[in-house]
Each structure stands twice: as C-alpha cells, then as structure tokens.
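Novice: just coords:
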C-alpha cells in the first residue's frame with residue numbers, strides 16, 4: 001500500500017511503498033523521491049514470535065547505510081538495540097529498562113542515551 005507525502009502546495013514530494021509477509025509483518029519499505037526515483041529502502045526481519053529483530057537501511061544503489069539489531073524481552077518489549085553504520089565504522093548500543101504497574105502497563109522507560117560507543 002503506497003503512502004504519499006505532500007507539501008503545503010499539495011505537490012507530491014515522496015512516496016513510500018510497503019510490503020508485508022503472510023503474517024502481516026512489514027518486511028520492506030521503498031521510499032521514492034518527488035520524481036519517482038527510488039531514494040532508499042528498509043528491510044525488516046522477525047523472530048518466530050513475530051517480534052522485530054532486525055532493520056536494515058539501503059541507499060538507492062543497494063549499499064547498506066545502517067543496520068539495527070533488536071533484542072526483546074518475553075513480552076516483546078525492545079530491551080536492546082545495536083545500531084551500526086558500515087560506511088563510517090561506527091556502532092552504538094542502546095539499552096532500555098522498563099517499569100510496569102500492577103496491570104503490566106509501562107509507567108517508566110529509561111535508556112542509556114547511546115552511552116556505549118563500540
């Protein structure tokens with residue numbers, strides 16, 4: 001299903017095409033610029049429980065720009081994100097800690113603000 005973005009003049013400036021797998025999970029996003037050329041794409045991977053475990057961004061030539069590897073707790077909450085940018089050699093690790101109320105709703109979420117530069 002395409003998603004179109006328009007500016008204040010209602011002129012189309014980007015378009016996103018999405019693909020889903022048989023379970024309904026988003027597996028690919030293709031982003032096109034105002035003249036219809038592919039600008040970038042993002043691909044997703046999921047584990048057997050349906051939790052997102054990986055996201056990879058590519059430029060229009062298929063070169064990896066960034067990659068996110070996710071770890072989830074038993075309830076599907078993201079507890080760790082490892083983010084790498086191959087072109088620069090930089091990578092970061094972000095960790096999340098959750099506090100829940102008696103009904104298991106989030107009441108607080110903290111992270112390490114990308115303190116860990118690998």
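Specialist: Here it is on my side, so go on. What you are looking at is a predicted structure, and each value in this text was computed from that prediction instead of being measured. Numbering: from 1, shown residues only.
Novice: hey, let's count contacts and neighbours off CA atoms from now on
Specialist: Noted.
Novice: Below-threshold pLDDT in this protein: ranges please.
Specialist: 1-12, 114-118 (pLDDT under 70).
Novice: the longest strand in it is where?
Specialist: strand 90-100 (DSSP state E).
Novice: Can you show me the strands along this protein?
Specialist: Going by DSSP E, the chain shows strands at 2-6, 12-20, 26-33, 38-46, 52-59, 64-72, 78-85, 90-100, 106-111, 116-117.
Novice: residue contacts, residue 20?
Specialist: 26, 27, 28 (C-alpha atoms under 8 Å, 6 or more residues apart in numbering).
Novice: How about the contacts made by the closest residue to the last one other than its chain neighbours?
Specialist: Which is residue 28. Distances taken as C-alpha to C-alpha, 6 or more residues apart in numbering place residue 43 nearest to residue 28, at 4.5 Å, with adjacent residues excluded. Residues near residue 43 by C-alpha under 8 Å, 6+ apart: 27, 28, 29, 55, 56, 57.
Novice: cool, residue 95 as well?
Specialist: Residue 95 touches 79, 80, 81, 111, 112, counting by C-alpha under 8 Å, 6+ apart.
Novice: Ranking by neighbours, what's the top pick from those?
Specialist: In terms of neighbours by other C-alpha atoms under 10 Å, the contacts of residue 95 top out with residue 81 at 20 neighbours.
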